[in-house]
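Undergrad: Got a sequence here, can you model it:
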Amino acid sequence: MRQFHSFRLDTVNHCLWRGESREVLTPKAFDVLRYLVEHAERLVTQEELLEALWPETYVNPEVIKKYILGIRKVLGDRHENPEFIRTFPRRGYQFIAPVSTVGTAESPALCVSSAKQLTIGESGLEQLGGNIGRALMSRQQVVFLSGEPESGKTAIVRELPRNVTPMTAVLIVFVSEPGANHECRRQR
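TA: This is a model prediction of the structure:
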């Protein structure tokens, strides 16, 4: 993950974060920003951008201007006094903000080796709540809750929304048997 000012560019999940809020960028605008950030402190020509992001496709160089304008709007950058992207007319662009690489304690992707067995009961709810907390901090969490029939799995899942913050979105999928119809619920 790359950080500049109050922004974090999550190249794994293709997201731009400002503090704890996710900023909206189109996929191609994200690619333009990512390329500029990865080549910060040097001029990136329009031809280089076109070749890197639209290989073997003719794209009018004016398209790059459109994406740069959208990126500037999201970043709050101004053409006349830039903090992030400096324009070199008819030549290209340079990402000028200081960029650092930041890592997370855990990989955002599911890591099978770090899977833990949850126990039913009070600690099970706490452990599930912890996974949701990590998901809110941009760390994806996948939890499989399994056990014998009538062991309390459904009770834990139904209790969970009462124990998380109101802004949390949780997708719960109930699967009774392989091949059976699945019930899907989005809890808020």
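Undergrad: Helix, strand or coil: sort out R78 for me.
TA: Reduced to three states with DSSP: H, G, I helix; E, B strand; the rest coil, the structure at R78 is coil.
Undergrad: and if you look at K28?
TA: Quick answer, by three-state DSSP: K28 is helix.
Undergrad: count of residues packed around the closest residue to it other than its chain neighbours?
TA: Sequence neighbours aside, Y67 is the residue nearest to K28 in space, at 6.2 Å (criterion: C-beta to C-beta, 6 or more residues apart in numbering). In short, each C-beta sits where N, CA and C put it, glycine included. Other residues lying near Y67 total 19 when counted by other C-beta atoms under 10 Å.
Undergrad: wait, what's in contact with Y67?
TA: T26, K28, A29, V32 (C-beta atoms under 8 Å, 6 or more residues apart in numbering).
Undergrad: does it count as helix, strand or coil?
TA: Here Y67 is helix, with the state taken from three-state DSSP.
Undergrad: And the one helix or strand Q94 maps to, what does it pack against?
TA: Q94 is part of strand 92-95, with elements assigned from DSSP states H and E. Contact here means 3 or more C-beta pairs under 8 Å, 6 or more residues apart in numbering; DSSP states H and E; on that basis strand 92-95 packs against helix 27-38, strand 44-45, helix 46-53, strand 85-88.
Undergrad: Can you list the buried residues in that strand?
TA: Within strand 92-95, the residues that qualify as buried are G92, Y93, Q94, F95, counting by 16 or more other C-beta atoms under 10 Å.
Undergrad: Following element in sequence after that strand, please.
TA: Downstream of strand 92-95 (by DSSP H and E), the next one is strand 100-101.
Undergrad: How about L53: what's its closest non-neighbour residue?
TA: D31 (5.3 Å).
Undergrad: picking that back up, would you turn the buried residues of strand 92-95 into CSV with distance to E62 and pLDDT?
TA: Below are these laid out as CSV (distance: C-beta to C-beta, whole Å; pLDDT from 0 to 100):
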residue, distance to E62, pLDDT
G92, 14, 95
Y93, 14, 97
Q94, 19, 97
F95, 20, 97
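Undergrad: With respect to V37, which of these is nearest?
TA: Ranked by distance to V37 (C-beta to C-beta), those are led by F95 at 5.5 Å.
Undergrad: In this model V37 seems to touch that closest one, though I could be wrong.
TA: Yes - the criterion here is C-beta atoms under 8 Å, and F95 meets it with V37 at 5.5 Å.
Undergrad: Nice, that's everything, thank you.
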